[in-house]
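Student: Predicted coordinates and the sequence they were generated for:
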Amino acid sequence: MDFDQADAINQAIRLLSLRHRARATALLAPLGLYPGQEALLLELARTGPVIQAQLSGALGCEPPSVTLMAGKLETAGFVRRSPAPDDRRATVVALTETGKDVVDRLTQVWCELAEETVAGLPAETVDGLPGLLRALADNVDAKARHAAPRRRDG
């Protein structure tokens, strides 16, 4: 691949990412949410109560990030954290009634964002997008897993 093609691909992905996050920020703000928090709430809506460490794997986040996010969502009243019954070192995270209510509104916002993002694309392109985007993410993940850590001497 030559530089012009590589630059066009990388710039398009970067712009989509920036603009999608900015639009998500604007749509989530009225719900009292910040980008990233919606993923945790939607995961809990899908799975029910779950151990916090499992959330980090499901969300692709580091455990400290999930701990911080869950703490903020707990302060906002959207989730409840409690010790796991079979392992007091583990923390179970569950939606509260307020959290369930915000998830109902969040699903509408999430649909709106997706519809805005794919507006004007043919249905067959939209149908194929999740698989294509997952394949791109998997490609990046595979390369990152196989890359040797680089040392910086100096």
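Tutor: Nice, thanks for sending it over. Numbering: from 1, shown residues only.

Student: Output the below-cut-off pLDDT ranges for the chain.
Tutor: 144, 146-154 (pLDDT under 70).

Student: just checking, what packs against the strand ranked longest in the chain?
Tutor: Counting by DSSP state E, the longest strand found in the chain is strand 87-95. Contacts defined by 3 or more CB pairs under 8 Å, 6 or more residues apart in numbering; DSSP states H and E place strand 87-95 against helix 37-47, strand 50-51, helix 52-59, strand 79-84. For glycine as for every other residue, the C-beta is placed from the backbone atoms N, C-alpha and C.

Student: So what touches it?
Tutor: 40-41, 44-45, 48-53, 55, 70, 78-85, 103 (CB atoms under 8 Å, 6 or more residues apart in numbering).

Student: Next, format the helices and strands packed on strand 87-95 as JSON lines and append mean neighbour count.
Tutor: Shown next, in JSON lines, are the helices and strands packed on strand 87-95 (neighbours: other CB atoms under 10 Å):
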{"stretch": "helix 37-47", "mean neighbour count": "18"}
{"stretch": "strand 50-51", "mean neighbour count": "17"}
{"stretch": "helix 52-59", "mean neighbour count": "17"}
{"stretch": "strand 79-84", "mean neighbour count": "15"}
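
Student: Leaving out chain neighbours, which residue sits closest to the residue nearest the centre of the chain?
Tutor: For the chain, the residue sitting closest to the mean C-alpha position, by CA atoms, centre = their mean, is A39 at 4.4 Å. Once flanking residues are discounted, A39 sits nearest to L59: 5.4 Å by CB to CB, 6 or more residues apart in numbering.

Student: shouldn't the one you found be in contact with E43?
Tutor: Yes. With contacts counted by CB atoms under 8 Å, L59 reaches E43, the gap being 6.3 Å.

Student: Which residues are in contact with T107?
Tutor: For T107, the contacting residues are L42, by CB under 8 Å, 6+ apart.
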